[in-house]
Structures are given as C-alpha cells and as structure tokens.
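Colleague: here is the input, now give the coordinates:
(one chain, ligands or ions: 1)
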Amino acid sequence: MSRGVLFVMSGPSGTGKGTICNELLANENNDVFLSVSSTTREKRKGETDGVTYNYTTVENFKKMIDNGEMLEYAMYSGNYYGTPKAYVQEQLAQGNDVILEIEIQGAMQVKKKFDTGVFIFLVPPSMEELYSRLTGRGRESMELIRERFLKAAEEMKCVNDYGYVVVNDTVQEAV
Ligand code: 5GP
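Modeller: Down below sits the predicted model:
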C-alpha cells in the first residue's frame, strides 16, 4: 500500500484557511483527513473541543512536547499550537492523505521532516480585502485585529517558502 500525501496549508489569519479546509472535507470525493491540533488558547464561540482543536493547558502542552508527541508546534499570538504526531503518522501509513492547517513556523518544521509534503500558501486577493474580512467577522477586538493584520503583512513575505500559492478569491475556485 502506498503512503498518503501530507498537505500543509498556511496563510495569514483571515485568509479563509478554515473555510477551504471544511469545503475540502465536506466533498466526499476528496479522500482526505484533517489533523486536529492541540492548543492552549481559549475556546471560541461555535468551536468544539476535540473537533476544532483539542484544548489543553500550557503545562500539558509542554508535557506533550517533552514526550516527543508533537510533529511540530509554535507559539502564535501568545498561545501554543501543535500537531500531534501519532494521528498523522497513522493516517499516512494507512495510505490516507492528511491536511495540516497550521501557521508558518510550524509548517517550516514539517518541511524539514517531510520533503515529499505538498506545501500550500493561501493568500487573500488583496490586503484591503483581508482587512475587511478580519473586521467583518466581528469576533475579535480592534486591537487584536490590528495585531493580526500587521502579522499577516509580515507573513505574506514567506510565500516563497511554499511550493504552491492559492489565491482565495472565491472559495469554490480556491478549493
Ligand atoms: P486560530 O487561533 O485563529 O484558530 O489559529 C491561529 C493560527 O494558528 C492559524 O494561523 C492556524 O493556522 C494556526 N494553527 C492551528 N493549528 C496549528 C498547529 O497545530 N500548529 C501550528 N504551528 N499552527 C497552528
């Protein structure tokens, strides 16, 4: 049996990574599995523990790092995020494709370990559009939006570290 393909998708906050992933998973023709990350950030409204993320404490997260359970991890906006190794390894070994929806520092760690992975950078059609998407979703304070927007502008510089760039103009086309 051949091993599955590892897809890694990154892109600035507000670009629509979550929407694209959900669409990919909703299509039964796509035989692909999403890795559920662990995080120390607070659960947001509408999110489900074990589905959106596995929410955990900083102490437990550090323990997982020390035990070598993380494929990659990063500190992002003051919280830890990481991909548990076991699930990804199991799926790939069974021949299933896996998607990681992770930020850049983590993606670069994965790149060192999986040179056969497919690394995709999702970008907004323009920075103006990104700004209106960040403010439009109305879930963060203006201070946090400002922080995320500045970070997004910085993150756009990493586009060349990825094998593929996808512009999220319309969701359908990006998917
Ligand atoms: P959010 O807090 O908006 O859900 O996610 C913040 C950032 O963390 C996003 O860019 C998201 O892609 C990234 N992220 C989510 N899970 C992981 C993970 O397991 N590892 C890394 N490195 N980043 C992650």
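Colleague: centre of the chain versus stretch 116-129, how much separation?
Modeller: Its chain's C-alpha centre lies 11 Å from the corresponding centre of stretch 116-129 when counted by C-alpha atoms, centre = their mean, to the nearest Å.
Colleague: for that stretch, how far is the first residue from the last?
Modeller: Counting by C-alpha to C-alpha, to the nearest Å, the length from the leading to the trailing residue of stretch 116-129 is 33 Å.
Colleague: who's in contact with it?
Modeller: Residues outside stretch 116-129 that contact it (C-beta atoms under 8 Å, 6 or more residues apart in numbering): 5-12, 14-17, 20, 107, 110-111, 130, 133, 152-153, 156, 158-159, 161-169, 174. All C-beta atoms are positioned from the backbone trio N, CA, C, and that covers glycine.
Colleague: any idea how many residues pack against Lys111?
Modeller: 16 (other C-beta atoms under 10 Å).
Colleague: average pLDDT across the strand or helix carrying it?
Modeller: In the assignment (DSSP states H and E), Lys111 maps to helix 104-113. pLDDT averaged over helix 104-113 equals 97, rounded to a whole number.
Colleague: show me what counts as buried in it.
Modeller: Residues of helix 104-113 classed as buried: Ile104, Gly106, Ala107, Met108, Gln109, Val110, Lys111 (neighbour count, 16 or more other C-beta atoms under 10 Å).
Colleague: swap in stretch 16-23?
Modeller: If you call a residue buried by 16+ other C-beta under 10 Å, then stretch 16-23 has these buried ones: Gly16, Lys17, Ile20, Cys21.
Colleague: relative to the ligand, which of those residues is nearest.
Modeller: Of all the buried residues of stretch 16-23, the one with the least separation from the ligand (C-beta to the nearest ligand atom) is Lys17, at 5.7 Å.
Colleague: which residues sit against the lengthiest helix in the chain?
Modeller: As far as residue count goes, and with DSSP state H defining each element, the longest helix of the chain is helix 142-155. Under the criterion C-beta under 8 Å, 6+ apart, residues 10-15, 77, 103-104, 127, 130-131, 134-135, 140 lie in contact with helix 142-155.
Colleague: of the residues you listed, buried ones?
Modeller: Burial of the contacts of helix 142-155 was assessed by neighbour count (16+ other C-beta under 10 Å); the buried members are Ser10, Gly11, Pro12, Ser13, Gly14, Thr15, Glu103, Ile104, Leu130, Tyr131, Leu134, Glu140.
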